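In: I need the structure of the sequence given here:
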Amino acid sequence: MAPALTISDITDADVPAIIALWQRCGLTRPWNDPAADIALARRGDDSTVLVGRAAGAIAASAMVGHDGHRGWVYYVSVDPDHRGQDLGRAIMAAAEDWLRARGIAKLMLMVRGDNTKVQEFYQALDYAVQDSVVFSKWLDGRPPTPGMT
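Out: As a prediction, the model looks like this:
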C-alpha cells in the first residue's frame, strides 16, 4: 500500500532537502540555480513549490505557477526510493488543484525530448503533446545553445 502523501507549500527549512531531491532526481542543470528558482517561485502569489511528505519525510515536489493565462510546472520529482507508489500522480494532482483554485484552466509543461519515461508518465495522466516550437534566449549575454533548457 502506498504511503499517504501530505502536500503543503515549501518552508525555509525544506529548501536544502528539496534541492537535494532535485539533484538526486537529475533535474538540476549547471546553468540553473535551484535555490534561486525556489526563491523566485516564493516571491509572489502566482507561484510556489509544493512539497509532498510521506511518513514525515519529503518524498515529492513540484514547482507550480502561472502567468495569468496558462499554468506551468517544473521540477516535478519523486524520491527514487518512493517511486511506483503513485506519488508523482498525487503531486501533479496537487499542482493541478493549485492552478484550478486560481482560475487557471490550462497547464503546460516541458519534457526533454530524450526523456521517454517521463513522457509516458504524463501521457498516462492524460496530457497531450502540443505541436509547438520552443524558442529561448539568454538575457545575460550567453550565446544560444541548442537543446539547453
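
In: now do the helices in this structure.
Out: Under the criterion DSSP state H, the chain contains helices at 15-24, 34-42, 87-100, 116-124.

In: what is the rounded mean pLDDT of the second one?
Out: Just to be clear, that refers to helix 34-42. Throughout helix 34-42, pLDDT has a mean value of 97.

In: and for the first one?
Out: Per-region confidence: helix 15-24 scores 98 on mean pLDDT.

In: buried ones in that helix?
Out: 15, 18-19, 21-22 (16 or more other Cβ atoms under 10 Å). All C-beta spots, glycine's among them, are computed from the backbone N, C-alpha and C.

In: likewise the third one?
Out: Of the residues in helix 87-100, those with enough neighbours to count as buried (16+ other Cβ under 10 Å) are 87-92, 94-96, 98-99.

In: nearest to His66 among the residues you listed?
Out: Proximity of the buried residues of helix 87-100 to His66 (Cβ to Cβ) peaks at Leu99, which lies at 6.1 Å.

In: hang on, that closest one packs against Asp67?
Out: No - using Cβ atoms under 8 Å, Leu99 is not in contact with Asp67; the gap is 11.2 Å.

In: distance to Met63 and pLDDT for the buried residues of helix 87-100 - can I get that in CSV?
Out: Output for those, formatted as CSV (distance: Cβ to Cβ, whole Å; pLDDT from 0 to 100):
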residue, distance to Met63, pLDDT
Leu87, 16, 95
Gly88, 14, 95
Arg89, 17, 95
Ala90, 16, 96
Ile91, 11, 97
Met92, 12, 97
Ala94, 12, 97
Ala95, 9, 98
Glu96, 14, 97
Trp98, 11, 98
Leu99, 12, 97
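
In: now the two most distant members of those.
Out: Leu87 and Leu99 (19.0 Å).

In: tally of neighbours for the nearest residue to Trp138 once chain neighbours are set aside?
Out: For Trp138, ignoring the flanking residues on the chain, the nearest one in space by Cβ to Cβ, 6 or more residues apart in numbering is Pro144 at 7.1 Å. Residues lying near Pro144 (other Cβ atoms under 10 Å) number 9.
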